[in-house]
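What follows is a predicted structure for the sequence shown.
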Amino acid sequence: MEALVLEKVKELSLRDIQLDETLGPHDVRIALHTVGVCGSDVHYYQHGGTEPFIVKAPMVLGHEASGTIIEVGAAVKHLQLDDRVCMEPGIPDPNSQATRLGIYNLDPAVTFWATPPIHGVLRPTVVHPANFTFKLPDNVSFAEGAMVEPLAVGMHAANKAAIKPGDVAVVIGAGPIGMVTALAALAGGCSRIILTDVQQPKLALGATLGPITPVNVAEQSVIEITAELTGGWGADIVFECSGNGRAAATIFEPLCPGGRAVFVGIPGAPIAYPVLAAQIKEARVEHVFRYAHVYPRALALMGSGKIDVNPLITDKFTFQDSIEAFDYASHMPPASVKVQIELPQ
Ligand SMILES: [Zn+2]
């Protein structure tokens, strides 16, 4: 089948590739409809990955996907032909200790689309376990369905933060993950988000998504603005979604005493961690790696209208223009958030 293949660093081709698509009794076969381009896909394209995830052989990219079921395994009960679905790209070993403990995202044996050496889904069809395939509500489009994967990271971060109704949260970084974390935090009960970045167009878009105060940290102080909005107390939660070392080192500054800090963004290199600043506030610190058990909740929030991801889908390309899409995503204009690729139906 024809797929978008990362041959090696900085070399993509749209070409025929032989892929195993044997349907087991607990699997479904899906015709892909929409696949989002993720920062990690672009990172593999531009840099070949970061240890321990390095591209060593040609690999199909793409893991943020929605599509239609075209074949159902004999033992599958909850899905049918023609169901519109989105898929969770990480498949753990069902018998592993991590899976049995409910932390299947941390299973060392997990296989994850477009994480070497596992092929992704920028291709016409894929076979996937039915238990990691989720039916879209009727009012959720394929494009929105392909946003569930990044949104799931924000949902997991919101869970880790143990949000209480009325909390005020700072989100550092207005990229796709910062945006979906802000949406998940608001849906989870935050009364206000203070969103920081240095790119004004991203902040302007973020400010339209709900009770979100944009702060351009190139010109404004997030500490001062947070203090103003919280009567001098500080934010209950700070989500670090930039992965930027300098920004991450400031995570405890706007935090209130006894607050929660969540590291969501993936840094490209080790970052400075100000222990004393965390100690003085007895900050509770959490880390996020992908997500577990959040797809149904993300879809429920989209279906009920509590979360609208449409404003984040800023750019669309056809499958035939996939390479162009990746070149575009490698040099994203600041007003762009999410690039998606649509497959021919
Ligand atoms: Zn992703």
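That came through, no problem. Residues are numbered from 1 along each chain as shown.

drop to CA atoms for contacts and neighbour counts, all remaining ones
Noted.

ok, residues contacting stretch 33-49?
6, 8-12, 54-55, 61-68, 114, 121-122, 142-143, 146-147, 326, 329-330, 338-345 (Cα atoms under 8 Å, 6 or more residues apart in numbering).

Give me the buried positions along it.
33-38, 40-46, 48-49 (16 or more other Cα atoms under 10 Å).

Show me the shaky parts of this structure.
By pLDDT under 70, the chain has no low-scoring segment.

Show me where it has its helices.
39-47, 97-101, 142-145, 148-160, 176-187, 200-206, 222-229, 245-248, 275-280, 295-304, 322-330 (DSSP state H).

any idea of the angle the first one forms with helix 176-187?
What that stands for is helix 39-47. Counting by axes from the mean of the first three to the mean of the last three Cα atoms, to 10 degrees, helix 39-47 lies at 170 degrees to helix 176-187.

Can you dump the C-alpha atoms of helix 39-47 in PDB for me?
What follows is helix 39-47, C-alpha atoms only, in PDB (Å, rounded to 0.1, in the frame of the first residue of the first chain):
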ATOM      1  CA  GLY A  39       5.400  17.600  17.000                       C
ATOM      2  CA  SER A  40       6.900  14.200  17.500                       C
ATOM      3  CA  ASP A  41       6.400  13.200  13.800                       C
ATOM      4  CA  VAL A  42       8.100  16.500  12.800                       C
ATOM      5  CA  HIS A  43      10.900  15.800  15.300                       C
ATOM      6  CA  TYR A  44      11.600  12.400  13.800                       C
ATOM      7  CA  TYR A  45      11.600  13.900  10.300                       C
ATOM      8  CA  GLN A  46      14.000  16.800  11.200                       C
ATOM      9  CA  HIS A  47      16.200  15.100  13.800                       C
END
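
and the closest residue in space to residue 306 that isn't next to it in sequence, how far is that from residue 110?
Closest residue to residue 306 in three dimensions, ignoring its sequence neighbours and counting by Cα to Cα, 6 or more residues apart in numbering: residue 187, at 6.4 Å. According to Cα to Cα, to the nearest Å, residue 187 stands 29 Å off from residue 110.

quick revisit: looking at the helices of the chain, which is nearest to residue 256?
helix 222-229 (9.3 Å; Cα to Cα).

what residues does that closest one touch?
170, 194, 196, 215, 232-235, 253-254.

just the buried members of those?
Using 16+ other Cα under 10 Å, the buried ones in those are 170, 194, 196, 215, 234-235, 253-254.

okay if I get those residues as CSV plus distance to residue 182?
Below are the buried ones among the contacts of helix 222-229 laid out as CSV (distance: Cα to Cα, whole Å):
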residue, distance to residue 182
170, 9
194, 9
196, 11
215, 14
234, 17
235, 14
253, 19
254, 16
